[in-house]
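# next input, structure requested:
(one chain, ligands or ions: 2)
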Amino acid sequence: MNSIKKNKFSSANPRGGNKDRRQVKKKESTLDPRLFVKKAKPSGQEGFRTEKSFSDLGLNQKLLQNIHAKGYQTQTTIQEQSIEQLLRGRDMMAISKTGSGKTAAFLIPIIEHALKDSRNFTALVVTPTRELSLQIEEEFKSLTLGMGLNSATFIGGTNINSDVDKFKRKLHVIVGTPGRLLDLSDRKNLDLSKINTLVLDEFDRMLDMGFVLDVTKLVNRIGKRDQTLLFSATLEPAQRKLIDGLLTNPLEVNVAQGSTTNENIEQQTIYIQEGQDKFEVLYNLLSKPSLEKVILFTETKRLADRLAKKLIQVGIKAGQIHGDKSQNFRNRMIEEFKSGEIRVLVATDVAARGIDVADVSHVINYQLPMTMDAYIHRIGRTGRAGKVGHAITFIN
Ligand code: ADP
Ligand code: MG
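Ligands and ions are numbered 1, 2, ... in the order given. Okay, the predicted model is just below:
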């Protein structure tokens, strides 16, 4: 397997493999590599799903059909612990690891509330990333097929003028990122005072990414509302005060401590020896067909671009998503990755947050993430929905 020729890569990177390493040097991660080795303890479908069906919740028949049509037979743990209470209108603070079915947990009660008062009801779902917004709307659409409920997504990187048209009809669910939502509120297109239910998804990410001021502004403009739901993978004590100010007597649900990684993920490390070409190691790894659908993480946008280019040059179907790419481009990449046209998606942390692509077989950290939190979110892209996933971290 080591027989690949050096010159195969030389056209892609004339200065050789050292270039990548030099870039990492700038800001070296201080995380302990031992943290990234862990056997999977697959819980299979049992750990992910409960025995409880959706049929006993008294849901609208059409909604129930749509849930079943999506292949959801029984509720996941978080769904079992929250839907019933959310239907009654309670606030909630949920800590849950990624891939545990949070989206349907908050959308199902929202859909029920929208059906009960479809003329007036509006829910606002705020997310840290554009991709996550789009995925949530997609899930909403599939859950409400044929039900006459409307939704729209408002995210940065798109033409704000075409957003304005979306308000021409009654919207039951509005999804978006904080900046764009505020812009639309400033322009008086979005009336935040009319929001009944507010969902803050991946709240911890939102804080990480510096949206605190925007989120606070949004929440203040909404003012009085019927229900607030807050989802987070981790709960830092420092967030507590902020959270308490957002929620009233919330139901607190904690499904598996979010600061531990998903048990369904097999974690291993690969040490890159002095003088060894990192790209060559990657190439050898990718010669195994078992690496079917791979997300490859880098710390910088530039390296993401370069790696995608190099992979394509050596005949591996690759694409890249990062913050400098247009939204259209990012959407197309995710679609191609989902459909299998692309085998390796090279990504930076920000662009990859919240991506839910089924069957990601491997997450590879080409560079060590800066924080444990970033690591947990990266590898959380695999091992979803009770399947076993693999995480491989390169250590210099
Ligand atoms: P989270 O928001 O917790 O990261 P998602 O809501 O994105 O998780 O769900 C993860 C995956 O599990 C998605 O592919 C979703 O379609 C699937 N899923 C959600 N609920 C169920 C269910 N009850 N049964 C089977 N699959 C489900
Ligand atoms: Mg989610």
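# in the helix or strand where residue 68 lies, what counts as buried?
Following DSSP states H and E, one finds residue 68 within helix 61-69. Buried residues in helix 61-69, counted by 16 or more other CB atoms under 10 Å: 62-64, 66-67. C-betas here are computed from N, CA, C, even on glycine.
# can I get those in JSON lines with pLDDT and distance to ligand 1?
Listed next are the buried residues of helix 61-69 as JSON lines, based on pLDDT from 0 to 100; distance: CB to the nearest ligand atom, whole Å:
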{"residue": "62", "pLDDT": "97", "distance to ligand 1": "17"}
{"residue": "63", "pLDDT": "98", "distance to ligand 1": "13"}
{"residue": "64", "pLDDT": "97", "distance to ligand 1": "12"}
{"residue": "66", "pLDDT": "97", "distance to ligand 1": "12"}
{"residue": "67", "pLDDT": "97", "distance to ligand 1": "8"}
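# what two of those are the furthest from one another?
Largest separation among the buried residues of helix 61-69 by CB to CB: 62 and 67, giving 9.8 Å.
# tell me the pLDDT at the nearest residue to residue 396 once chain neighbours are set aside?
Of all residues beyond its chain neighbours, the one nearest residue 396 is residue 272 (5.3 Å), with distances taken as CB to CB, 6 or more residues apart in numbering. Here, the pLDDT recorded for residue 272 equals 87.
# repeat that for residue 101.
Looking at residue 101, its pLDDT is 88.
# swap in residue 46?
38.
# ok, residue 277 next?
92.
# how near is it to residue 111?
Distance of residue 277 to residue 111, computed by CB to CB, to the nearest Å: 52 Å.
# and if you look at residue 211?
If you go by CB to CB, the gap between residue 211 and residue 111 works out to 26 Å.
# near ligand 1, which residues of the stretch 51-200 of the chain?
72, 75-76, 79, 96, 98-104 (CB under 6 Å from any ligand atom).
# now the residue nearest to residue 396: how far from residue 96?
From residue 272 to residue 96 the distance is 34 Å (CB to CB).
# over to residue 140?
Separation of residue 140 from residue 96 (CB to CB) stands at 19 Å.
# tell me the contacts of residue 312?
Applying CB atoms under 8 Å, 6 or more residues apart in numbering, we find residue 312 in contact with residue 318.
# for the record, mean pLDDT for stretch 362-381?
pLDDT averaged over stretch 362-381 gives 86.
# that stretch spans what distance, first to last residue?
End-to-end distance of stretch 362-381: 8 Å, with CA to CA, to the nearest Å as the criterion.
# in it, which residues are buried?
Residues 362-369, 372-381 are the ones in stretch 362-381 that count as buried (16+ other CB under 10 Å).
# coming back round to it: quick one: which of residue 272 and residue 96 has more around it?
Using other CB atoms under 10 Å, the more surrounded residue of residue 272 and residue 96 is residue 96, with 23 against 18.
# which residues does the more buried one bridge with?
With DSSP bridges applied, residue 96 shows beta-bridge pairing to residue 255.
# where in the stretch 201-350 of the chain is pLDDT low?
Scanning the stretch 201-350 of the chain with the threshold set as pLDDT under 70 gives 256-262.
# and with 50 instead?
Across the stretch 201-350 of the chain, the ranges flagged by pLDDT under 50 are 257-260.
# same thing with the stretch 1-150 of the chain?
1-25, 42-47.
# and the strands in it?
49-53, 74-76, 92-96, 123-126 (DSSP state E, counting those that start in this stretch).
# burial check on residue 189, number of neighbours?
Residue 189: 15 neighbours (other CB under 10 Å).
# repeat that for residue 128.
Look at residue 128: counted by other CB under 10 Å, it has 25 neighbours.
# tell me the contacts of it?
Residues near residue 128 by CB under 8 Å, 6+ apart: 177, 201-202, 205-206, 208-209, 211, 353-354.
# distance of it relative to ligand 1?
12 Å (CB to the nearest ligand atom, to the nearest Å).
# next one: residue 293
13 Å.
# related to what we said a few turns ago, okay, the strands of the stretch 1-150 of the chain in a markdown table with distance to residue 223 next?
Output for the strands of the stretch 1-150 of the chain, formatted as a markdown table (distance: least, CB to CB, whole Å):
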| stretch | distance to residue 223 |
| --- | --- |
| strand 49-53 | 36 |
| strand 74-76 | 33 |
| strand 92-96 | 20 |
| strand 123-126 | 12 |
